[in-house]
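Peer 1: please find the sequence and the predicted model below.
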Amino acid sequence: MPDLRDESDTEKGTRIVLELRKDADAAQTLMQLFKETDLQIALSFQMVFLFGEPMQPGRQPKQVGVVELLNYWNEHQIDVLTRRSQYDLRKAQERLHVVEGLVIGAANAEQIVRIFQQAEDRAAARKEIEARYQLTTIQSDVIASMTLAQVTRLDSSKYAREREELQVRIQDLEHLLADRKILIAALKKEMQQLIKQFSDERRTVIDVDSHVLTPIEKVESLHEREPLLIGFTRNNALKALPVETYKPKGKNGNATYTPVRGDEQLRQLAAATTQDYLLCICSSGRVCQVATHRIPVTTRSNKGELIRDLLRLAPDEEVVSVLPVDAYDEDRYLVTFSTYGKVKKSPLSEYKATDVDGIQDMKLSDGDTVATALISYGRGEYFVSTDNALTLRFSDEQLRSQGRGGQGVAAISLNKGGVVVSASYLDSEPAIEADRDIFSVTSLLVLTEGGWAKKVPLSQFVQKGRATAGAPIIELADEDRVLQTMLVQEDDAFLIAVANGKSEQAVFMKASDIKTFLRAHKGEEIAAGRILNAIKL
């Protein structure tokens, strides 16, 4: 483990030191910390503020951008300076009026003292002073409130200087209020004084030349890359399993497999690595994501960890598909199918920022839900199947890409109340994986709830236009319905979950064990009970 030290103090501020090995990439480590921790976070907020006319309180809510908000702030500062200047002007005028009375009082101090001495009371003296020297009530009140000693000490030269200063001040304020350009210049000067008085050096360093800020297209995980299997169960739990868990024992065509308790709960099984991410497509059309290294590695018999403990799902929401992703390429797509026959295709790059909180992806009509999802390369074909035994084959060229949040387009035309239950993707370019041609698909495997199955050659399906009716794929018995379809090769192996009464069990089968029939045939019964689901090993 690397050494982690907290060197924070009052001088350096917050400082965390992470010592790495000599062969470690500091830039990749920092980018990984930015991605998976709160070392770097993004905040979003609504820029809604109350606005009003100049010199009036704000009462009208309005959403604005930063530029408009700064412009309004500037206007507000001008209003503040205007109001303050008007207040200062009013106070200066009031003081000038008093000072002018004090100048007269200082020039006639001796006579005013005799008036006080001869008057019956101060009220009478105030009236006589006001009438004799033509003072206002405010001016005479100020003089009448003084003691005789204060009157005799009135300094006419002092008040004369103050009167001149007030007159200049009043003239400046009137000039300021009369010219907007002067008002703006005064505001700039005040701002510069504030900067000079209170500014200090920037505390957050912006290191534009540092190598750690060089854009990194791909952030490598700090976890060792190790292969594993991701199991998604019918009780909505996830578990990681060693990659050799479901490798059949034996050689060549004699390979066998013995199911154990817990295998009957498997709903999906996908190969991944500890550096991958798991896209979780929800029934509501939302998409969540969790790192595969967060899924606990356990045994086949373990129930795993409930997916609700890993993701933040709504009470009425459940995950319908899980898809491991190792890179968010522009040339790969997340293709989502709804039960009402809609399909939406979006680049994987649209989901790079997805997390456990999830994002809204496919918009669904009332009553519709997501049926399944898959990842495509934008160059092959889709096989979409309904529960009333119809399958449509159409080209990827007919399905345009769109961004997140779209409603999608029609994938298949439904009839007689049918709903989409399965979708498969057939790539048009061959690829070799683990010495096995994974695209040499020979048949479409069809499974019904009633325990019937068959393989249908792909040549039985003519490519048709998107949003058209599918072709019949199996003759269904009364009350039976198609549960699942998938593209298979002859050497594929499956775990099929079967319910017989109250008990459930997993049955191992190979594709070569299931017979091939034409589309109109009813197939063969492979299970004495109700098939719950099947997964390819």
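Peer 2: Arrived safely, thanks for sending. Numbers count the residues shown, from 1 in each chain.

Peer 1: so Ser459, which state does it fall into?
Peer 2: helix (DSSP: H, G, I helix; E, B strand; the rest coil).

Peer 1: what number of residues lie near it?
Peer 2: 8 (other CB atoms under 10 Å). C-beta: built from backbone N, CA, C; applies to glycine.

Peer 1: quick check: it vs Gly358, distance?
Peer 2: 41 Å (CB to CB, to the nearest Å).

Peer 1: for the chain, longest helix please?
Peer 2: The helix that spans the most residues within the chain, counting by DSSP state H, is helix 66-107.

Peer 1: could you list every helix and strand in contact with the following helix or strand past it?
Peer 2: Using DSSP states H and E, the next helix or strand after helix 66-107 towards the C-terminus is helix 109-118. Identification of packing neighbours for helix 109-118 by 3 or more CB pairs under 8 Å, 6 or more residues apart in numbering; DSSP states H and E yields helix 122-132, helix 148-152.

Peer 1: pull out the buried residues from helix 109-118.
Peer 2: 109, 112, 115-116 (16 or more other CB atoms under 10 Å).

Peer 1: same question, stretch 178-189
Peer 2: For stretch 178-189, by 16+ other CB under 10 Å, it's 183, 187.

Peer 1: could you export that stretch as PDB, CA atoms only?
Peer 2: This file holds the C-alpha atoms of stretch 178-189, laid out as PDB (Å, rounded to 0.1, in the frame of the first residue of the first chain):
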ATOM      1  CA  ALA A 178     -26.000  64.300 -12.400                       C
ATOM      2  CA  ASP A 179     -23.500  62.400 -14.600                       C
ATOM      3  CA  ARG A 180     -23.600  58.600 -15.000                       C
ATOM      4  CA  LYS A 181     -20.000  58.500 -16.400                       C
ATOM      5  CA  ILE A 182     -18.700  60.200 -13.300                       C
ATOM      6  CA  LEU A 183     -20.700  57.800 -11.100                       C
ATOM      7  CA  ILE A 184     -19.200  54.800 -12.900                       C
ATOM      8  CA  ALA A 185     -15.700  56.200 -12.600                       C
ATOM      9  CA  ALA A 186     -16.200  56.700  -8.800                       C
ATOM     10  CA  LEU A 187     -17.400  53.100  -8.500                       C
ATOM     11  CA  LYS A 188     -14.300  51.800 -10.300                       C
ATOM     12  CA  LYS A 189     -12.100  53.900  -8.000                       C
END
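
Peer 1: now it: average pLDDT?
Peer 2: The average of the pLDDT scores along stretch 178-189 is 93.

Peer 1: ok, and what's touching it?
Peer 2: 77-78, 81-82, 85, 175-177 (CB atoms under 8 Å, 6 or more residues apart in numbering).

Peer 1: put the buried members of those residues into a ChimeraX selection.
Peer 2: Applied in ChimeraX, the following selects the buried portion of the contacts of stretch 178-189 according to 16+ other CB under 10 Å:
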select :78,81,82,85,176,177
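
Peer 1: now the contacts of stretch 178-189 in CSV, with distance to Tyr133?
Peer 2: Formatted as CSV, those follow (distance: CB to CB, whole Å):
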residue, distance to Tyr133
Gln77, 45
Ile78, 43
Leu81, 39
Thr82, 37
Ser85, 33
His175, 32
Leu176, 34
Leu177, 33
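
Peer 1: so which of the contacts of stretch 178-189 comes closest to Ala477?
Peer 2: The closest of the contacts of stretch 178-189 to Ala477 turns out to be Gln77 (CB to CB; 80.6 Å).

Peer 1: what pLDDT does the closest one get?
Peer 2: 91.

Peer 1: residues in contact with it?
Peer 2: Leu187.

Peer 1: from Pro54, how far out is it?
Peer 2: For Gln77, the distance to Pro54 - CB to CB - is 12 Å.

Peer 1: distance of the residue lying closest to Val343 once chain neighbours are set aside relative to Val319?
Peer 2: Sequence neighbours aside, Ala411 is the residue nearest to Val343 in space, at 3.6 Å (criterion: CB to CB, 6 or more residues apart in numbering). Ala411 sits 21 Å away from Val319, going by CB to CB.

Peer 1: for Phe494, same thing?
Peer 2: 22 Å.

Peer 1: the more surrounded of those two?
Peer 2: Val319 (25 against 22).

Peer 1: count the neighbours of the closest residue to that one other than its chain neighbours for me.
Peer 2: Take Val319 and drop its neighbours on the chain: the residue closest to it by CB to CB, 6+ apart is Cys280, 4.7 Å away. By other CB under 10 Å, the residues close to Cys280 number 26.

Peer 1: what about the helices in the stretch 201-350 of the chain?
Peer 2: Per DSSP state H, counting those that start in this stretch, the stretch 201-350 of the chain carries no helices over any range.

Peer 1: do a quick rundown of the strands in it.
Peer 2: Ranges of strands in the stretch 201-350 of the chain, per DSSP state E, counting those that start in this stretch, are 227-233, 237-242, 266-273, 277-282, 286-291, 305-306, 319-325, 333-338, 342-347.

Peer 1: could you give the separation of the first one from the chain centroid?
Peer 2: Per CA atoms, centre = their mean, to the nearest Å, the displacement of strand 227-233 from the mean C-alpha position of its chain is 27 Å.

Peer 1: swap in the fifth one?
Peer 2: On the basis of CA atoms, centre = their mean, the separation between the geometric centre of strand 286-291 and that of its chain is 12 Å.

Peer 1: what do you get for the third one?
Peer 2: Relative to the centre of its chain, strand 266-273 is centred 27 Å away, using CA atoms, centre = their mean.

Peer 1: how about it: buried residues?
Peer 2: 266-270, 272-273.

Peer 1: try the first one
Peer 2: Neighbour-count burial for strand 227-233, counted by 16+ other CB under 10 Å, picks out 228-233.

Peer 1: rebuild the helices and strands packed on helix 109-118 as CSV, extending it with mean neighbour count and mean pLDDT.
Peer 2: Shown next, in CSV, are these (neighbours: other CB atoms under 10 Å; pLDDT from 0 to 100):
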stretch, mean neighbour count, mean pLDDT
helix 122-132, 16, 89
helix 148-152, 13, 87
